[in-house]
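In: pasting the sequence and the predicted coordinates here, then a few questions.
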Amino acid sequence: MNTSHAVATVAKPTAVQAVVFVTGLFYTLTGLLMLFIPGWFYDTIGHFPPFNRHFIGDLGTFILPMGLGLILAARAPFQHRLLLWAVGSASLLHGLNHLYDSLAGQMTLAHWLSDTFPLLLGAAVFLIAIWPRGSSK
């Protein structure tokens, strides 16, 4: 009698899946911080006076679902291309908005290294990761 055993294989996540998942975690955490401890977020991360609890909370209500959507999409990212491009575009625009402020405000090198550059780098990594590569069959 020949019996075969089904062996479950766990596929190693691809780089795209990892980038989408980590970006999702980042956005989810950011959204939660904005919604539930906006004062801490303002003091520690987004100190752009004047403090406006409602405005920070509003931003959190948009960022949180983007993050959760990316976490869910990480399993099969290219089945969720529209979500990936929406988040990638928002990330790029966010980085460009910080670039504008950095250029217009003649910010210090420390600001560029801790704020503007990481946002632009994150957007670039995300967009490069999701960029179509050849034809898929």
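Out: Sure thing, it's come through.
In: how near is the residue positioned nearest the centre of the chain to residue 29?
Out: In the chain, the residue lying closest to the centroid (Cα atoms, centre = their mean) is residue 23, at 3.6 Å. Here the criterion is Cβ to Cβ, to the nearest Å. By it, residue 23 lies 11 Å from residue 29. Placement of C-beta: from N, CA and C, glycine included.
In: and what of residue 38?
Out: Taking Cβ to Cβ, one finds residue 38 at 14 Å from residue 29.
In: more neighbours: these two, which one.
Out: residue 38 (21 against 13; other Cβ atoms under 10 Å).
In: what do residue 23 and residue 29 both touch?
Out: With contacts defined as Cβ atoms under 8 Å, 6 or more residues apart in numbering, the residues adjacent to both residue 23 and residue 29 are residue 67.
In: so who does residue 37 touch?
Out: Here residue 37 is in contact with no residue (Cβ under 8 Å, 6+ apart).
In: wait, residue 85 touches residue 130, no?
Out: Yes: the pair residue 85 / residue 130 is scored as a contact, 7.2 Å apart, by Cβ atoms under 8 Å.
In: more crowded one of the two?
Out: Remark: of residue 85 and residue 130, residue 130 carries more neighbours, 21 against 12, as counted by other Cβ under 10 Å.
In: for the more buried one, give its distance to residue 69.
Out: Distance, residue 130 to residue 69, by Cβ to Cβ: 13 Å.
In: likewise residue 132?
Out: Per Cβ to Cβ, residue 132 is found 20 Å from residue 69.
In: neighbour count: these two, which is higher?
Out: Neighbour count, other Cβ under 10 Å: between residue 132 and residue 69, residue 69 has more, with 19 against 8.
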